[in-house]
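[1] Structure of the sequence below:
(one chain, ligands or ions: 2)
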Amino acid sequence: MKTLKLDLGSRSYPIHIGSGLLEKSDLLVPHIVGNRIALVSNETVAPIYMEQLATALSEYQPLSIVLPDGEQHKTLDVLDRIFTALLSERCDRQTTLIALGGGMVGDMTGFAAACYQRGVPFIQVPTTLLAQVDASIGGKTGVNHRLGKNMVGAFHQPQCVVIDTDTLNTLPDNEFSAGIAEVVKYGLIRDPEFFGWLENNLDKILDRDEQALSFAIYQSCENKAEVVSADEREAGERALLNLGHTFGHAIEVGLGYGTWLHGEAVAAGIAMAADLSQRLGWLAGRDVERIKSLLSRAQLPIRAPASIEPSQFLDLMSVDKKTQDGRLRLVLLEAIGRALVTDDFESEHLMQTLRACRSEQ
Ligand code: NAD
Ligand code: GLY
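    Ligands and ions are numbered 1, 2, ... in the order given. Model (predicted):
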């Protein structure tokens, strides 16, 4: 097992990464506040892993809350089910919520913890690659709105993150690939050596080679922890973690939540951000090709769906948390390993990207 620390002063927390951690209650117990826990999962993950975790923590007589599966259920309505279950069981402020699942479960459990009785502690036990390398770390919690992705939420840091890499053994291939999009992101925004390592080791990762996968998860978590420690509330550097996301969120909303996986939409968004960066003369053509090639090798899309017209795409992109005074700001690339947030681009260049990066009908 390896452990990283996310440094936030008195709210610092450990990120444990290793095999067989679901059974290690000693990693969780020091972070459980009070004598009550509620395990929150979904209808796919709960039958596989809930019992293992509940058994390890049986002394807390865990309450189990099982949500429906799918991004389309990351809503205020479904969030209310968590509150109803907690209130029905008379859970008080000394209750710790534990999120067992992918980013959808983690974001919703974290948001429920941020709101329930004005805030209770929670722990992240992520079970998808995407949640292990990104969503479980950093305290962004929330739900979607039909008009915009992750538009209702709160910053609420977990007490700890426990990443049991064995859970990836049951993850479907397309979900695994979706996680690779966020791994590639770290290489692109701040870690060019890691990007090069990914180019050389992607086949091993796709084969789920234990050593290569553990390294990729560790490296990703380390990058994320450093960014969040430096800029918890996204006043600056943290916005770079949104590379590809403004394009990607437009795809998710435009197609309807759950049509494309979040990581798939982010992958196409990264390719589109690279395309625009090249049009602005910032990124070399050969680097754009390296990025597209790596994403394609990971079985990820590098074009937006044909069904979203460029003008509709632009409209969808305008609902973005980085927008300031009505001006769209995007994360773009100056090199592999160097990104910036900017509104310094002509809308005609963006339209060219939206037209050029659209799948054929
Ligand atoms: P997800 O939570 O929907 O999980 C993907 C699928 O895998 C689901 O069907 C789930 O039931 C299934 N699953 C989970 N673990 C499994 C396992 N071990 N074995 C078999 N099946 C398993 O999606 P995701 O990709 O994990 O997360 C995407 C969500 O995370 C989006 O809502 C996105 O907005 C959010 N996100 C949040 C942050 C953040 O910082 N808070 C960062 C990135 C993404
Ligand atoms: N995934 C973006 C962030 O955590 O800031």
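[2] What distance do you get for the residue nearest the centre of the chain to Val341?
    With distances taken as Cα atoms, centre = their mean, the residue of the chain nearest its centroid is Ala135 (3.3 Å). In this view, Ala135 and Val341 are 21 Å apart by Cβ to Cβ, to the nearest Å. From N, CA and C alone the C-beta is placed, and that goes for glycine too.
[3] mind listing what Asp92 touches?
    Contacts for Asp92 were tallied using Cβ atoms under 8 Å, 6 or more residues apart in numbering; they are 34, 36, 117.
[4] between those, which is closest to Cys91?
    Arg36 (5.9 Å; Cβ to Cβ).
[5] now that closest one, which residues is it bridged with?
    Note on Arg36: beta-bridge partners by DSSP bridges are Thr95.
[6] Next, the contact list for it, please.
    Arg36 touches 60-61, 63, 91-92, 94-96, counting by Cβ under 8 Å, 6+ apart.
[7] and the next element down the chain from the helix or strand hosting Asp315?
    Element membership of Asp315, judged by DSSP states H and E, is helix 310-317. Next helix or strand after helix 310-317 toward the C-terminus (DSSP H and E): strand 330-335.
[8] tilt between that next one and helix 310-317?
    Between the axis of strand 330-335 and that of helix 310-317 there is an angle of 100 degrees, by axes from the mean of the first three to the mean of the last three Cα atoms, to 10 degrees.
[9] partners of strand 330-335 in the sheet?
    Strand 330-335 has its sheet partners listed here by DSSP bridges as strand 338-342 (antiparallel).
[10] tell me, how many neighbours does Gln61 end up with?
    Gln61 is flanked by 11 other residues according to other Cβ atoms under 10 Å.
[11] and if you look at Ser58?
    Close neighbours of Ser58, defined as other Cβ under 10 Å, add up to 10.
[12] Now Ala99. Its backbone dihedrals?
    Phi and psi for Ala99, reported as degrees, to the nearest 10, are phi -90, psi 120.
[13] which residues touch the residue nearest to it when sequence neighbours are not counted?
    Nearest residue to Ala99, sequence neighbours excluded (Cβ to Cβ, 6 or more residues apart in numbering): Thr109, at 3.5 Å. Taking Cβ under 8 Å, 6+ apart as the criterion, Thr109 is in contact with 40, 82, 97-99, 122, 124, 141.
[14] cool, Ile15 as well?
    Going by Cβ under 8 Å, 6+ apart, Ile15 touches 3-6, 137, 160-161, 163, 221, 225.
[15] Let's see that with 6 Å instead.
    Shown in contact with Ile15 (Cβ atoms under 6 Å, 6 or more residues apart in numbering): 4, 161, 221.
[16] Need the three-state assignment for Cys221.
    When classified by DSSP: H, G, I helix; E, B strand; the rest coil, Cys221 comes out as helix.
[17] Ok, the one 3 residues further on next?
    Local secondary structure at Lys224 is given as helix here, using three-state DSSP.
[18] Next, count neighbours for it.
    24.
[19] quick one on the thing from earlier: can you tell me how far the residue nearest to the centre of the chain is from Gly110?
    Going from Ala135 to Gly110 by Cβ to Cβ gives 9 Å.
[20] still on that earlier bit, save the contacts of Ile15 as a markdown table, and put in distance to Lys74 and neighbour count too.
    Output for the contacts of Ile15, formatted as a markdown table (distance: Cβ to Cβ, whole Å; neighbours: other Cβ atoms under 10 Å):
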| residue | distance to Lys74 | neighbour count |
| --- | --- | --- |
| Leu4 | 27 | 19 |
| Val161 | 20 | 29 |
| Cys221 | 23 | 24 |
